[in-house]
Structure formats: C-alpha cells, structure tokens
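A.B. asks: quick one, structure for this:
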Amino acid sequence: MTSVERVAASSPELEAAVARLLPQLTAERPTPSPAELAALVADPGVTLLVARHDGAIVGLAMVAVFPKLTGLASRLEDVVVDAAARGRGAGAALVIEALAVARERGARGMELTSGPWREAANRLYPRLGFRLRGTNVYSIDL
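C.D. replies: Numbers count the residues shown, from 1 in each chain. Below you'll find the predicted structure:
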C-alpha cells in the first residue's frame with residue numbers, strides 16, 4: 001500500500017531518495033546538496049512530500065505556497081515516482097496530498113507544468129481536476 005508523508009526533517013534516507021529519483025524527472029537539474037535539501041525542508045513556504053510503498057520512498061513532490069498581489073498561490077514542483085513503482089497510485093496520492101497542503105495553507109489555486117513527453121503525468125493531472133492552459137500550465141481552483 002502507498003502512503004504519503006510530509007517531510008519534517010532531512011535525513012540520509014531522504015538524500016538518497018532524492019539522488020535516485022530526481023534524475024528520473026530530469027537530467028538537466030543538479031541534485032541538491034545535503035545542506036540545500038535541509039534548507040528546502042526547513043523553508044516555511046515549502047512542503048516536501050514523499051510517497052512510500054512497503055516502507056521505501058518511491059516518489060516525491062514539492063508544494064510551494066507564496067503570496068501574490070491577488071492572494072496566496074501554490075505551485076506543485078518536482079513530482080516524480082520511481083519507474084519501478086509507477087502505476088500503483090503513488091503519483092495520484094502525492095498530488096492529492098499536495099492539494100490538501102495548499103488548501104490548508106489558504107492558497108486560492110495551484111499550478112504546475114509538465115513536459116508533453118510525460119504522458120502518464122499529463123493524463124493524471126486532468127483526472128484530478130487540473131485544467132490545461134494554452135501555456136501548458138495546469139491550474140485548479142481550491
């Protein structure tokens with residue numbers, strides 16, 4: 001069974017999971033150092049989520065909630081599920097928890113971007129209520 005947790009502190013397990021998962025999302029971005037990861041987890045505007053299956057971290061996602069002139073907004077970033085664990089609901093569970101975080105923090109909506117080659121992700125987001133905008137940015141009213 002897949003569960004999702006909000007990360008309270010960085011750890012060697014988290015560092016290893018990020019180093020393993022982030023390259024599956026994009027090879028273009030460097031993996032954060034342990035200090036950068038710890039700073040991200042400690043940032044009050046950010047919530048890092050991990051999906052676990054049989055106790056192991058199989059996915060992650062980051063929610064950022066921030067003020068804009070039009071109110072609090074949120075973004076969903078870095079959603080990735082290990083290739084070996086895909087198709088078991090971890091991605092959906094991460095997104096559903098991300099929406100809960102944004103709602104709890106008072107955000108008016110959530111946006112994300114997704115590469116067109118990420119076919120499974122681009123099927124998932126509309127199923128969960130996101131709308132495709134002309135800029136390929138999805139949004140949802142909370």
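
A.B. asks: helices of this protein, residue ranges please.
C.D. replies: Taking DSSP state H as the test, the helices found in the chain are 12-25, 34-42, 90-104, 119-127.

A.B. asks: so what touches the third one?
C.D. replies: By Cβ atoms under 8 Å, 6 or more residues apart in numbering, the surrounding residues in contact with helix 90-104 are 2-4, 6, 47, 49, 51, 53, 58-61, 63, 65, 74, 76, 79, 81, 110, 120-121, 124-125, 127-128, 140, 142. Heads up, the C-betas are built off the backbone N, CA and C, glycines and all.

A.B. asks: the second one now?
C.D. replies: By Cβ under 8 Å, 6+ apart, the list of residues contacting helix 34-42 from outside reads 7-10, 14-15, 18, 32, 46, 48, 62.

A.B. asks: circling back: so which of the helices of the chain gets nearest residue 135?
C.D. replies: helix 119-127 (14.1 Å; Cβ to Cβ).
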